[in-house]
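>>> just a sequence and a predicted model for now, questions to come.
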Amino acid sequence: MFDLTSKTALVTGATQGIGFEIARLLAERGAKVFINGATSLEKCEEACKKIPNSEPVSANLLIEEDIDKMYEQTKDADILVLNASVQYKKEWNEFTDEEYDIQMNCNLKSSYLLIKKYAEGMKAKGWGRIVTIGSVNQYNQHPQLSLYAITKAAQKKMTENFAPLLAPYGITINNVAPGAIATPRNEEALSDSDFKKLLESKIPCGYVGEPKDIAPSVLLLCSDEGRYITGAEIKIDGGLSL
Ligand SMILES: NC(=O)c1ccc[n+]([C@@H]2O[C@H](COP(=O)([O-])OP(=O)(O)OC[C@H]3O[C@@H](n4cnc5c(N)ncnc54)[C@H](OP(=O)(O)O)[C@@H]3O)[C@@H](O)[C@H]2O)c1
């Protein structure tokens with residue numbers, strides 16, 4: 001079960017956090033995994049040192065030329081995990097145009113561009129798996145994460161719209177929506193014990209999750225066993241969105 005031998009996977013934003021754990025697990029199940037990040041090739045290489053059968057692919061998803069170059073390196077992938085995102089915390093009317101564009105372009109537009117690019121090869125093979133990473137913020141109204149939430153909700157809508165169009169080609173597309181997960185992104189916030197306690201009091205399971213809580217569901221969606229799941233979403237949030 002969940003054997004990905006002979007599959008290739010591209011995981012965006014896989015240098016750390018949730019993306020890293022997804023990449024690690026897909027590789028453990030036999031896939032060759034491309035590890036993407038934007039900061040530097042060195043950072044991608046560092047992650048690859050911990051994941052056998054992986055290859056670094058540095059590309060800033062805000063730059064379309066970088067996406068084209070990434071495709072030249074990876075060629076057609078069987079599995080596409082769209083995990084990279086940018087999140088700015090501000091009051092709803094304080095975002096600059098640049099901050100608006102960066103969140104929209106990284107979290108939404110790049111997903112569209114990558115799906116368009118990689119779906120062609122998947123169609124030709126008659127097999128493909130696409131997983132977008134959403135957020136509990138699709139459901140909760142956080143006063144400082146409004147734009148981020150909008151990008152994630154739109155990305156989810158994209159998966160629902162594309163699912164019936166891709167299904168006839170053997171391609172599934174699904175969204176996974178994490179709740180509060182301990183990653184480098186929120187390390188500083190979670191180091192404040194009062195903040196952490198307050199957050200945990202809102203999570204029915206009572207604790208903040210870890211990347212290892214997210215990756216197995218992504219593996220299911222990327223496997224042959226997940227072939228009948230498309231246009232769906234798995235919320236993994238300890239009940240936070242309820
Ligand atoms: N952590 C949570 O509590 C939580 C909750 C809900 C949803 N999520 C979602 O889960 C996903 C992973 O979150 P995380 O907490 O693991 O994030 P993270 O620790 O901030 O890591 C983000 C990753 O995205 C990459 N990235 C950022 N901008 C990029 C760009 N322009 N081009 C390419 N890569 C880029 C980073 O690469 P470099 O650093 O190498 O540049 C890094 O690998 C995100 O989609 C996030 O929205 C997280």
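Noted; the coordinates are in hand.

>>> assess the claim that residue 137 and residue 147 are in contact.
No. Taking contact to mean C-beta atoms under 8 Å, the distance of 10.1 Å between residue 137 and residue 147 leaves them out of contact. (Glycine included, C-beta is placed from N, CA and C.)

>>> near the ligand at all, the longest helix along the chain?
With DSSP state H setting the assignment, residue counts place helix 146-166 as the longest helix in the chain. No. Between helix 146-166 and the ligand, judged by C-beta under 6 Å from any ligand atom, nothing touches; the nearest distance is 6.8 Å.

>>> tilt between the next helix or strand after that helix and helix 146-166?
For helix 146-166, the succeeding helix or strand toward the C-terminus, using DSSP states H and E, is strand 171-178. Direction vectors for strand 171-178 and helix 146-166, defined by axes from the mean of the first three to the mean of the last three C-alpha atoms, to 10 degrees, enclose an angle of 160 degrees.

>>> packing partners of strand 171-178?
Other helices and strands packing on strand 171-178, by 3 or more C-beta pairs under 8 Å, 6 or more residues apart in numbering; DSSP states H and E, are helix 110-125, strand 128-133, helix 146-166, helix 211-222, strand 233-236.

>>> so what strands line up beside it?
Neighbouring strands of strand 171-178 in its sheet, by DSSP bridges, are strand 128-133 (parallel), strand 233-236 (parallel).

>>> can you tell if the first one touches the ligand?
Yes. Among the residues of strand 128-133, residue 133 lie within reach of the ligand under C-beta under 6 Å from any ligand atom.

>>> of the helices and strands packed on strand 171-178, flag the one that's most buried.
Per-stretch averages of neighbours, counted by mean count of other C-beta atoms under 10 Å, single out strand 128-133 among these, with a mean of 27.

>>> how about the residue positioned nearest the centre of the chain, what does it touch?
The central residue of the chain, meaning the one whose C-alpha is nearest the mean C-alpha position (C-alpha atoms, centre = their mean), is residue 83 at 1.8 Å. Contacts for residue 83 were tallied using C-beta atoms under 8 Å, 6 or more residues apart in numbering; they are 11, 12, 13, 14, 18, 19, 22, 133.

>>> just put the helices and strands packed on strand 171-178 in a markdown table and tack on distance to residue 103.
A markdown table is the format used below for those (distance: least, C-beta to C-beta, whole Å):
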| stretch | distance to residue 103 |
| --- | --- |
| helix 110-125 | 11 |
| strand 128-133 | 14 |
| helix 146-166 | 5 |
| helix 211-222 | 21 |
| strand 233-236 | 20 |
